[in-house]
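Visitor: Sequence below, structure please.
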Amino acid sequence: MDPYVSEADTSAHLGRKARNVTPSGADVDLDPIPKTVLCTTDGTLAYVPVDNADGEVVSLVVSAGYVALHRPRRIKSTTTCIVWTVE
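Guide: Predicted coordinates:
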């Protein structure tokens, strides 16, 4: 039984779905755009936030458990950590 089934899905709630989007040689455009992403290994996370221009990339060295503070619309091919969406 899901005690939260009647709650509205808002940005303040945890996600209901997840997808692995770790790139393998090419950028990955996220459709639909998730609430955020979770990195499950150490490495580099490079992404384009939803309102940034294509060239405005956020690139960070992260530890496992890192949750991005922006809504990413594209995960760049230079990402080396394992990434999961929060939708």
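Visitor: Any stretches of the chain with poor pLDDT?
Guide: Under the criterion of pLDDT under 70, the regions of the chain flagged as low confidence span 2, 4, 11.
Visitor: how about 90 then?
Guide: The model of the chain has pLDDT under 90 over residues 1-16, 22-24.
Visitor: Residues in a beta bridge with residue 49, which ones?
Guide: Here residue 49 shows beta-bridge partners residue 72, assigned using DSSP bridges.
Visitor: How much space separates it from residue 65?
Guide: Shown here: residue 49 relative to residue 65, a distance of 20 Å by Cβ to Cβ, to the nearest Å. In short, each C-beta sits where N, CA and C put it, glycine included.
Visitor: quick one: which of the two has more around it?
Guide: residue 49 (17 against 10; other Cβ atoms under 10 Å).
Visitor: isn't the more buried one right next to residue 71, touching?
Guide: Yes. Under the criterion of Cβ atoms under 8 Å, residue 49 is in contact with residue 71, at a separation of 6.4 Å.
Visitor: Helix, strand, or coil at the residue at minimal distance from the centre of the chain?
Guide: Central residue check for the chain by Cα atoms, centre = their mean: the C-alpha nearest the mean position is that of residue 37, 2.3 Å away. Secondary structure, DSSP: H, G, I helix; E, B strand; the rest coil: residue 37 is strand.
Visitor: give the contact list for it.
Guide: 21, 45, 47, 67-68, 72, 75, 83-86 (Cβ atoms under 8 Å, 6 or more residues apart in numbering).
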